[in-house]
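K.L.:
Curious how this folds, go ahead:
(chains A and B)
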Amino acid sequence: MWYFVAPQIVFGEGALSALDELEGRRALIVTDENLVSLGVADRVRSHLDRAGIESVIFDEVEPDPGVETVRRGSLVALQFEPDWIIGVGGGSPMDAAKAIWILYERPDLDPAEISPFVTLGLRKKARLITIPTTSGTGSEVTWATVLTDPDEQRKMAVGSRECLADMAIVDPVLTAGMPADLTADTGLDALTHAVESYTCAWHTDLTDGLAVHAIRLILEYLPRAVANGADMEARERLHNAATCAGLSFGNTMAALAHAMGHTLGVVFHVPHGRAVSMFLPYTIEFTANKSPRRYAELAALLGCTGEEGRVGAQALVRRIRGLCREIGAPTCLGDAGIERDGFEAKLEKLVDDAANDTSIVATVRVPSYGELERLFICAYEGVPVDF
Amino acid sequence: MSIPFPSDEWIQDLSRQLHESASYGRSAKDWEGDFVFVVEPDGAYPNTAYLYLELHHGRSPGAAQIASPEDRTAEFMMSAPYSTWRRVIEGKIDPIQAMMTRQLKVDGNMMKIMRYPKAAKEIVDCCACIPTDFAS
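P.N.:
Numbers count the residues shown, from 1 in each chain, chains lettered A, B, ... in the order given. As a prediction, this is how the structure comes out:
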């Protein structure tokens, strides 16, 4: 028994105009200062104006938003009393919007109590719209929310199927101005979502196709979008790919690369997509050393190889590393600018936090502490995983 | 020799394995919170059984089958029909997915459990290592 959930999705060029038809009185736009300065928040606002909806912007969302930020946002919501919460941005503003919405609906809750195991009773006050401005996070169609606990320097995934947006607006025009490095990082995040969704222990028949198609699109269009940000065909296909990947992993689970990437991101402030994608080839090698079938199957579906077993899985690893090199993304932690001394000083924390990251639950081959430490070292040095 | 489930002997064997597991000890080094597992009757098992498991800072100092959940104070209570427990112990369903679909009902702060997924995996792995004799 399992579920497949998805919001209504409006996609393609001009999808933002769906806001013109929105019914309601007030909307709280949750975003960040950068998107306000780029005029994106105002574009959303102008559509809401056409719908006759009064709006307020909360632009205090930082990268890897913390609990205090979403508490502040919920206080703004409680004062303004919106009937729509609209998350506009990358994963951080959309995740913050979800959490602000929940705390607006349920001010009695501690964010750490938001879980799929309890009934939250949302949608009494407002509904949620998500509008991604990057092509990677998939947060527009997932119910999970990643918040950072600043005291423990650790990310915590909270959420419930009730936290799914009512509508996701996937308009590629909003990604047109993304710089090449952000395009690369977020595209690799989507790739990691799709690969881990297809290969995790929770994969399903309903999500496999979405994952494979997302990977195909990313392999074809990410290099084009990085090379030429004005290539709107590539932008649109990549934006759709990220949403497909989100629909897939949002209904299964991420896995070991995310567990390792989450902790690296918090400790060394590496962008999320770059962090998880650096680990992906190493975690594939590790898992495939015992359970190669799904990776080889995926490699065959992508046309990388006809080989089975570890040989097939290695073809997938080579294809992913090739993509990273083609778009100038680092393939090991050392190349990502992390100093050896700092890495070694934090290795025990990296191992402990990765071991107890939520993404570990659907990992097919759960590493022991010793194996996890060796995996981090392989990923630092850029050497193959042979254990 | 196989150990019947549910029984005092079975929960004590799980407790012993966890107590001796270095990996569980590290993954649950800060954990505080005891469990009562409630085995509910179904077509394969006619009774209700309560298994108490003490867990503290990566160790399991004790365990027992108890007559009623009021016999011990526990922070968490997990309930499921016998056949669901069997599928969890045999590794046929993932316990986290079982909790998310409410096949395995939890009374207690689930997010506290979700902060220790490695420890949860270690517990399930230890369950799978017990040579269990199921009623049917």
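K.L.:
Spatially nearest residue to A:I100 (excluding sequence neighbours)?
P.N.:
Nearest in space to A:I100, with sequence neighbours left out and distances taken as C-beta to C-beta, 6 or more residues apart in numbering or on different chains, is A:G73 at 3.8 Å. Where you see a C-beta, it was placed from the backbone N, CA and C, and this is true even at glycine.
K.L.:
ok, now which ones touch A:R274?
P.N.:
Going by C-beta atoms under 8 Å, 6 or more residues apart in numbering or on different chains, A:R274 touches A:184-185, A:188, A:329-330, A:336.
K.L.:
same question, A:V317
P.N.:
A:281, A:284-285, A:288.
K.L.:
Show me what the one helix or strand B:V36 maps to is packed against.
P.N.:
If you go by DSSP states H and E, B:V36 is part of strand B:35-40. Judged by 3 or more C-beta pairs under 8 Å, 6 or more residues apart in numbering or on different chains; DSSP states H and E, strand B:35-40 is in contact with strand B:49-56, strand B:76-81, helix B:82-89.
K.L.:
what mean pLDDT does the second one have?
P.N.:
Read that as strand B:76-81. Mean pLDDT, computed over strand B:76-81, is 96.
K.L.:
Off-centre distance for that strand?
P.N.:
Distance of strand B:76-81 from the chain centroid (C-alpha atoms, centre = their mean, to the nearest Å) equals 9 Å.
K.L.:
Name every strand pairing with that strand and say which way it goes.
P.N.:
Strand B:76-81 pairs in its sheet with strand B:35-40 (parallel), strand B:105-107 (antiparallel), by DSSP bridges.
K.L.:
Of those, which stretch is the most buried?
P.N.:
Among the strands paired with strand B:76-81, ranked by average contacts under mean count of other C-beta atoms under 10 Å in any protein chain shown, first place goes to strand B:35-40 (a mean of 21).
K.L.:
Run the chain-centre distance for that strand.
P.N.:
7 Å.
K.L.:
Would you confirm that A:R45 belongs to a helix?
P.N.:
Yes. Assigned with DSSP: H, G, I helix; E, B strand; the rest coil, A:R45 falls within a helix.
K.L.:
burial of residue 108, as a residue count?
P.N.:
Reading this off chain A. Applying other C-beta atoms under 10 Å in any protein chain shown, we find 7 residues neighbouring A:D108.
K.L.:
ah, no, chain B please
P.N.:
17.
K.L.:
Next: A:Y3.
P.N.:
Neighbours around A:Y3, by other C-beta under 10 Å: 12.
K.L.:
Residues contacting the lowest-mean-pLDDT helix or strand in chain B, please?
P.N.:
Scoring the helices and strands of chain B by mean pLDDT, DSSP states H and E places helix B:110-114 at the bottom, with a mean of 82. For helix B:110-114, contacts defined as C-beta under 8 Å, 6+ apart pick out A:112-115, A:117-118, A:156-158, A:358, B:33, B:76, B:96, B:99, B:106, B:120.
K.L.:
got it, and stretch A:28-40?
P.N.:
Stretch A:28-40 has contacts (C-beta under 8 Å, 6+ apart) with A:41-42, A:44-45, A:48, A:55-62, A:73, A:76-77, A:80, A:82, A:84-89, A:92-94, A:96-97, A:100, A:126, A:133, A:174, A:177.
K.L.:
Averaged pLDDT, stretch A:255-275. What do you get?
P.N.:
On average, stretch A:255-275 scores 94.
K.L.:
cool, stretch B:56-71 as well?
P.N.:
On average, stretch B:56-71 scores 96.
K.L.:
Can that stretch be said to contact chain A?
P.N.:
No. On the criterion C-beta under 8 Å from any C-beta of the partner chain, stretch B:56-71 is out of touch with chain A, staying 12.1 Å away.
K.L.:
most centrally placed residue in chain B?
P.N.:
B:F37 (5.6 Å; C-alpha atoms, centre = their mean).
K.L.:
Are stretch A:134-148 and chain B in contact anywhere?
P.N.:
No. Judged by C-beta under 8 Å from any C-beta, stretch A:134-148 makes no contact with chain B; its nearest approach is 11.1 Å.
K.L.:
how far does that stretch stretch from start to finish?
P.N.:
Terminal residues of stretch A:134-148 are spaced 20 Å apart (C-alpha to C-alpha, to the nearest Å).
K.L.:
again with stretch A:220-238
P.N.:
Start to finish, the residues bounding stretch A:220-238 are 9 Å apart (C-alpha to C-alpha).
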